[in-house]
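**Student:** quick one, what's the 3D model for this:
(chains A and B)
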Protein chains: 2
Amino acid sequence: MADKITPRAEDYSAWYLDVIREAQLAENSPVRGCMVIRPYGYRLWEAVRDGLDRRFKATGHENAYFPLFIPMSFIQKEAEHVEGFAPELAVVTIGGGKELEEPLVVRPTSETIIGHTYSRWIQSYRDLPVLINQWANVVRWEIRTRPFLRTMEFLWQEGHTAHATAEEAVEETLRMLDVYADFAINDAAIPVIKGLKSEREKFAGAVNSYAIEAMMGNGWALQAGTSHYLGANFAKAFDIKFLDPNNEMQYCHTTSWGVSTRMVGAVIMAHGDDQGLRLPPVMAPIQVVVVPIWRTEDERPGVLELANRVTATLAGAGLRVKLDDRADQTPGFKFNDWEMRGVPARVEIGPRDVKQNAVVLARRDRVGKEGKLFGVPVDGVVERVQELLREIQANLLAQATAYRDANTHRVSSYDEFKRVLDEQGGFLRVHWAGTSEDEARIQEETKATLRCLPLDAPEGEGACFLTGQKTSRIAIFARAY
Amino acid sequence: MADKITPRAEDYSAWYLDVIREAQLAENSPVRGCMVIRPYGYRLWEAVRDGLDRRFKATGHENAYFPLFIPMSFIQKEAEHVEGFAPELAVVTIGGGKELEEPLVVRPTSETIIGHTYSRWIQSYRDLPVLINQWANVVRWEIRTRPFLRTMEFLWQEGHTAHATAEEAVEETLRMLDVYADFAINDAAIPVIKGLKSEREKFAGAVNSYAIEAMMGNGWALQAGTSHYLGANFAKAFDIKFLDPNNEMQYCHTTSWGVSTRMVGAVIMAHGDDQGLRLPPVMAPIQVVVVPIWRTEDERPGVLELANRVTATLAGAGLRVKLDDRADQTPGFKFNDWEMRGVPARVEIGPRDVKQNAVVLARRDRVGKEGKLFGVPVDGVVERVQELLREIQANLLAQATAYRDANTHRVSSYDEFKRVLDEQGGFLRVHWAGTSEDEARIQEETKATLRCLPLDAPEGEGACFLTGQKTSRIAIFARAY
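**Tutor:** Prediction:
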């Protein structure tokens, strides 16, 4: 419970691990770097999956499934790709008791095997575009892992599309970036920033990588989704060609884009407080918990009857509701328990409520008496709870936006950069004309990385904080997960 | 199209592969034994997944996720389990560029790693039962593979539950067998037989294995789902113990149960005919295709207008409908194409229909004129199509049941067994008092295996067809996938 959760200000990393443990979201497994996702955590992933899958289908994508294993030779075909992924590979060398002639890589991402497949599917411009997504597990041999944020195996979706022209492929790349932002903002209540990754931070094999960057509760950044324009790089490596309407052979332009179980970590850290999780109602596995309260045995039947009735009414309206009628726990314990698990709304029902045919409504985003609504008539409880959930959803987004904005600083010199980063943290939003080498030096000296070049940058021209050069390019630097 | 599909009577295996290729369900991948599941095939898998997942949740189960990798030492802890799976393992020996100290097995099934986890979760009888399911990919190093039916990597769900008593665990095992049968019969329209597997055929590590057995279009059997009572075998190997209400330490009794992408193969082979797929409406990715028909250009706008309107009306009612308005294909081509892909119902709209504000309805399960309904008024088209889909769903089940019953033979001697098997194939339903050695001999001599001891066996006592011994035990033998 709350006393088992380290306050954020004391140790944010410990807070994160405590919340994951106490809310039973995930735990370490006997395989180093791999986690067990427990049912409550998996329901958050299901909310991510369902929210994205619906949007993918609405934008014309279909799901398919490609092999877990990739021949080692495939990984080696795109030069930057192999350089980026070679150190992170898990390799199967024995199958059915025998040494394999060609080792099989456990997919770290599927551009190569999907590229190979597309080269067989695509012959003519009439076969384009190919718009496919895959829900899958992938493996990257990470040294330092942290549940949801960075694990050796993780769950994700990877979209892979092929187009006739660069324009169409770039359009697709940005469309999916918008889809991710839409999910993050409207479902996860996280005010992400859409931006271009720097050359140094882009995907191994991409022409351009875009990302949505979110601010966590300690001011650090988290890349919550990426969308890559791959140009003809993989098309050339895997011979993905088509005959255009003039009967000329052309290379396809391809994209890939992914969101992973990281998003669950983002939800935990964007909204959580010292009492534990705070879940956006759109994603919450349990949106409303009903807690019956009685002192004497003769109060009990009436309270439970009303609690059951209200639970059934809310469930009947399609709300995800749970009645906590445990007899061996006090109401106070239950309040704390469900607050820690982030349930957005609570219905309290005591003997006085039974007399009035009313309930008390409490909200997770405003703990204590000031967040409570007393004497809510049972007759209109569904509408009132639905309204409250909408308010909470909006309020979590508003709070996270206000927090992000309050922790976004503009600096105009490297000294100021270092001082603000150390004293206040958060996002440093700067004019930027530096090089990849400059980025590397900044990271070495400050641990901050260039998160993105935001697409929405109304600042106009100014002087680069590092080089003094005039530029209209804006960058966000931050320490990041 | 149909002329690219080998007739079933000519070569059933070729027919199966032709249908999978022409309907674009799946294809071989560059990794031996692994397939690429194409979008249309993946939608069938999504129908399996959604149909089962709903039933799992309705029976109190939650989803979770456990690691892809299992330490080799875990696999070795349950004696029969390791013996069963050792020859089929894919083993990761290199991670992050280094040789691993302990090799990691790519999960062939997850009893061991989940057993290890449950031993940490379960302390008291209050923690029981644990009712968890996992959707995952698994790998078994198969030599002879066939798309959907037997592939090196496949997708499945594996349920893993832990209980305080043997009675409860057996009850769960049979409950999930019922869930599988309910899905197979009501969603997939496959009249499966529930039965106990013989000692020889049971899961490596189980006390009892149960299965649903289906008959394919060539009379062969296909095991479409299994549910295992594991006794305390895995509980002892992984120390899954609890303090009972009397404060005594007890081993749990566990179960596991799974359905895989095999189910998609079952749907193909249980219903398909020489024209291709026939999909049960509950599972069909496209339930209704709308085909506009015009001869002259001035007929075209009216026909397309009505086709669009009818498509929107059907989609608005929640039906999965597709308008095929391709200008470069004839109606006849489209009819054949969608019939080959198994779409249950077709709406045809020509100039005469426009005049009458009516449509023609055709059904995949009765090809040709006798299956058509002419002059169906547009006003009631939703209800009429919904009714037709229900009829088709029921008819596919009835046809498959009639086929199974017509191809189930009772024999009373081994000579008769061999003769009927060779001449007629199908299921041989017999009184059975033989041993595992007898089973092995029958398989060697006839290629038939003991599929199951059906739970529903009203035959009463009789003489074993092989040994002549009196017994009331009934067995089904068949050649099987």
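
**Student:** residues touching residue A:97, list them.
**Tutor:** B:86, B:87, B:89, B:141 (CB atoms under 8 Å, 6 or more residues apart in numbering or on different chains). Where you see a C-beta, it was placed from the backbone N, CA and C, and this is true even at glycine.

**Student:** what about the helices in the stretch 251-400 of chain A?
**Tutor:** Per DSSP state H, counting those that start in this stretch, the stretch 251-400 of chain A carries helices over the ranges A:262-271, A:300-316, A:331-340, A:351-356, A:381-406.

**Student:** quick one on the thing from earlier: which of the contacts of residue A:97 tops the neighbour count?
**Tutor:** The most crowded member of the contacts of residue A:97, judged by other CB atoms under 10 Å in any protein chain shown, is residue B:89 (23 neighbours).

**Student:** what is the burial count for the residue nearest to it when sequence neighbours are not counted?
**Tutor:** Ranked by CB to CB, 6 or more residues apart in numbering or on different chains and with sequence neighbours excluded, the top spatial neighbour of residue B:89 is residue B:105, at 5.1 Å. The tally of other residues near residue B:105 (other CB under 10 Å) stands at 27.

**Student:** so residue B:105 sits against residue B:73, correct?
**Tutor:** No: the pair residue B:105 / residue B:73 is not scored as a contact, 9.7 Å apart, by CB atoms under 8 Å.

**Student:** OK, contacts around residue A:385?
**Tutor:** Counted by CB under 8 Å, 6+ apart, residue A:385 has contacts A:288, A:314, A:319, A:345, A:347, A:361.

**Student:** hang on, the earlier thing: angles on the backbone of the residue nearest to residue B:89, please.
**Tutor:** Backbone torsions of residue B:105, given as degrees, to the nearest 10, read phi -90, psi 140.

**Student:** which SS state does the residue of the stretch 101-250 of chain A found nearest chain B fall under?
**Tutor:** Here the stretch 101-250 of chain A gets closest to chain B at one residue, residue A:141, 3.5 Å apart by CB to the nearest CB. At residue A:141 the chain is in coil, as set by DSSP: H, G, I helix; E, B strand; the rest coil.

**Student:** in strands, which of the contacts of residue A:385 fall?
**Tutor:** Among the contacts of residue A:385, the members found in strands (DSSP state E) are A:288, A:345, A:347, A:361.

**Student:** so does the lowest-mean-pLDDT helix or strand in chain A get close to chain B?
**Tutor:** Every helix and strand in chain A was compared by mean pLDDT, DSSP states H and E; the lowest is helix A:79-85, with a mean of 85. No: judged by CB under 8 Å from any CB of the partner chain, helix A:79-85 stays clear of chain B, getting no closer than 11.1 Å.

**Student:** which of the contacts of residue A:97 lies closest to chain A?
**Tutor:** Closest to chain A, out of all of the contacts of residue A:97 and judged by CB to the nearest CB, is residue B:141, at 3.5 Å.

**Student:** what sits against the closest one?
**Tutor:** A:95, A:96, A:97, B:33, B:87, B:88, B:89, B:90, B:152.

**Student:** list the contacts for residue A:289?
**Tutor:** By CB under 8 Å, 6+ apart, the residues touching residue A:289 are A:321, A:322, A:323, A:324, A:334, A:338, A:343, A:345, A:346, A:347.

**Student:** out of these, who has the most neighbours?
**Tutor:** Within the contacts of residue A:289, most neighbours by other CB under 10 Å means residue A:345, with 28 neighbours.

**Student:** residue closest to the middle of chain A?
**Tutor:** In chain A, the C-alpha nearest the mean C-alpha coordinate belongs to residue A:263, at 1.8 Å (CA atoms, centre = their mean).

**Student:** could you check the pLDDT of that residue?
**Tutor:** We have a pLDDT of 98 for residue A:263.

**Student:** same check, this time on residue A:136
**Tutor:** pLDDT recorded at residue A:136 is 98.

**Student:** can you check residue A:369 too?
**Tutor:** Predicted confidence (pLDDT) for residue A:369: 89.

**Student:** any idea how far it is from chain B?
**Tutor:** Distance, residue A:369 to chain B, by CB to the nearest CB, to the nearest Å: 33 Å.

**Student:** and for that residue, the neighbour number?
**Tutor:** 8.

**Student:** could you do residue A:229 as well?
**Tutor:** 26.

**Student:** beta partners for it?
**Tutor:** residue A:208, residue A:255 (DSSP bridges).

**Student:** is it true that it touches residue A:256?
**Tutor:** No: using CB under 8 Å, residue A:229 is not in contact with residue A:256; the gap is 9.1 Å.

**Student:** got JSON lines for the contacts of residue A:289, with distance to chain B too?
**Tutor:** Below are the contacts of residue A:289 laid out as JSON lines (distance: CB to the nearest CB, whole Å):
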{"residue": "A:321", "distance to chain B": "15"}
{"residue": "A:322", "distance to chain B": "13"}
{"residue": "A:323", "distance to chain B": "15"}
{"residue": "A:324", "distance to chain B": "16"}
{"residue": "A:334", "distance to chain B": "17"}
{"residue": "A:338", "distance to chain B": "17"}
{"residue": "A:343", "distance to chain B": "16"}
{"residue": "A:345", "distance to chain B": "22"}
{"residue": "A:346", "distance to chain B": "22"}
{"residue": "A:347", "distance to chain B": "23"}
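
**Student:** nearest to residue B:357, of the residues you listed?
**Tutor:** The shortest approach to residue B:357 among those belongs to residue A:321, at 46.1 Å (CB to CB).

**Student:** tell me the contacts of residue A:341?
**Tutor:** Neighbours of residue A:341 in contact, by CB under 8 Å, 6+ apart: A:23, A:40, A:276, A:277, A:286.

**Student:** which helix or which strand is home to residue A:113?
**Tutor:** For residue A:113, the host element (DSSP states H and E) is helix A:111-121.

**Student:** now find how far off-centre that helix is within its chain.
**Tutor:** Between the centre of helix A:111-121 and the centre of its chain there are 27 Å (CA atoms, centre = their mean, to the nearest Å).

**Student:** can you list contacts of that helix?
**Tutor:** Under CB under 8 Å, 6+ apart, the answer for helix A:111-121 is A:66-67, A:70, A:74-75, A:77-78, A:81, A:107, A:127, A:130, A:132, A:134, A:160, A:162, A:205, A:230, A:234-235, A:237-241, A:252, A:254, A:256, B:29-31, B:36.

**Student:** at 7 Å what do you get?
**Tutor:** A:66-67, A:70, A:74-75, A:77-78, A:81, A:127, A:130, A:160, A:162, A:205, A:234, A:237-240, A:256, B:30, B:36 (CB atoms under 7 Å, 6 or more residues apart in numbering or on different chains).

**Student:** could you do stretch A:215-227 as well?
**Tutor:** Taking CB under 7 Å, 6+ apart as the rule, stretch A:215-227 contacts A:8, A:12, A:173, A:176-177, A:180, A:184, A:190, A:192, A:203, A:209-214, A:255, A:257-259, A:262-263, A:266, A:269-270, A:272, A:403-404, A:407, A:425-427, A:451, A:478-481.
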